[in-house]
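Visitor: Just the structure for this:
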Amino acid sequence: MGDYAVAMAALADITVVVLAAGLSQRFGTADKLLAPLRGKPLAAHVADLLGPWPFRQRLAVCGTAGVADLFRERGFTIVENPSPEQGQGASLALGLAAAEAPGILVCLADMPLVTAHHLEALCNHFDPGHGIWAVASVGNGQPGPPAVFARDHLAGLDLAGDHGARSLLRDALLVPAAAWELADFDTPEALSRAALPREPDGSP
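Guide: Coordinates of the predicted model:
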């Protein structure tokens, strides 16, 4: 566990759900989440970051055995998605159904550059008791994951397709992050660029 300022009691009220069941069609025939990045599989970056945090649950919604094994080895409970073609929203719904905590931190397995500092800020801003029941990231003008939601509010949404919790994001408190930190990688070329050494400002 790092020197995180977020209260341990607050994390005990949060289930983290990592969405790791995408088809990654633009990546080719290889499993994108198992592709190497800076010495380990792409999905291992977010799994290793989240592993030590004392969340009530750590869930990974997975579509392949290899990715499921990666998260299972790091202490996550696996939620199988037998139909990843139904989109990200379907994965989110599966994670939500398995979650027990009142707060849900949603992360994507193909966003390996998110920092502990940013996740700490998201969790610290989440305060449903004072009306802040959705907190999302923003780095390029559009709100998106990682994001924290009150479970009760997610439960009433139609999460079909790739829209996920987009309707909730419109009213979310936005926490800024550098665009590079929120990058995901859809092609081998993009992943190769991410493997380059970091610049002095921390960007890839």
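
Visitor: The chain: strands as residue ranges?
Guide: 14-20, 36-37, 40-41, 57-62, 77-80, 103-108, 134-138, 143-150, 173-176 (DSSP state E).

Visitor: Can you name the residues bridging to the residue most central in space within the chain?
Guide: Residue closest to the average C-alpha location in the chain (Cα atoms, centre = their mean): residue 107, at 0.7 Å. As for beta bridges, residue 107 partners with residue 18 under DSSP bridges.

Visitor: Surely it is in contact with residue 14?
Guide: No - using Cβ atoms under 8 Å as the test, residue 107 is too far from residue 14 to be in contact (11.5 Å). Where you see a C-beta, it was placed from the backbone N, CA and C, and this is true even at glycine.

Visitor: Excluding chain neighbours, give the residue nearest to residue 64 in space.
Guide: What sits nearest to residue 64 in space, not counting adjacent residues and going by Cβ to Cβ, 6 or more residues apart in numbering, is residue 31, at 6.1 Å.

Visitor: how about low-confidence regions in the chain?
Guide: 1-9, 23-30, 156-168, 188, 194-204 (pLDDT under 70).

Visitor: Would you mind measuring from the residue nearest to the centre of the chain to residue 184?
Guide: Per Cβ to Cβ, to the nearest Å, residue 107 is found 11 Å from residue 184.

Visitor: same question, residue 34
Guide: 15 Å.

Visitor: of these two, who's got more company?
Guide: residue 184 (19 against 16; other Cβ atoms under 10 Å).

Visitor: could you list every residue that touches that one?
Guide: 108, 110-111 (Cβ atoms under 8 Å, 6 or more residues apart in numbering).

Visitor: Mind doing that once more with 10 Å?
Guide: Residue 184 sits next to 22, 32, 42, 108-114, 144-145, 190-191, 194 when contact means Cβ atoms under 10 Å, 6 or more residues apart in numbering.

Visitor: try residue 104
Guide: Per Cβ under 10 Å, 6+ apart, neighbours of residue 104: 14-17, 57, 59, 92, 95-96, 126, 147-151, 153-155, 165.

Visitor: Off-centre distance for stretch 65-77?
Guide: Between the centre of stretch 65-77 and the centre of its chain there are 15 Å (Cα atoms, centre = their mean, to the nearest Å).

Visitor: Mind listing residues that contact that stretch?
Guide: By Cβ under 10 Å, 6+ apart, stretch 65-77 touches 15-18, 20-22, 31-34, 40-44, 46-48, 50-52, 57-62, 64, 78-81, 98, 109.

Visitor: Can you tell me the closest non-neighbouring residue to residue 19?
Guide: residue 91 is the one closest to residue 19 (Cβ to Cβ, 6+ apart), at 4.7 Å.
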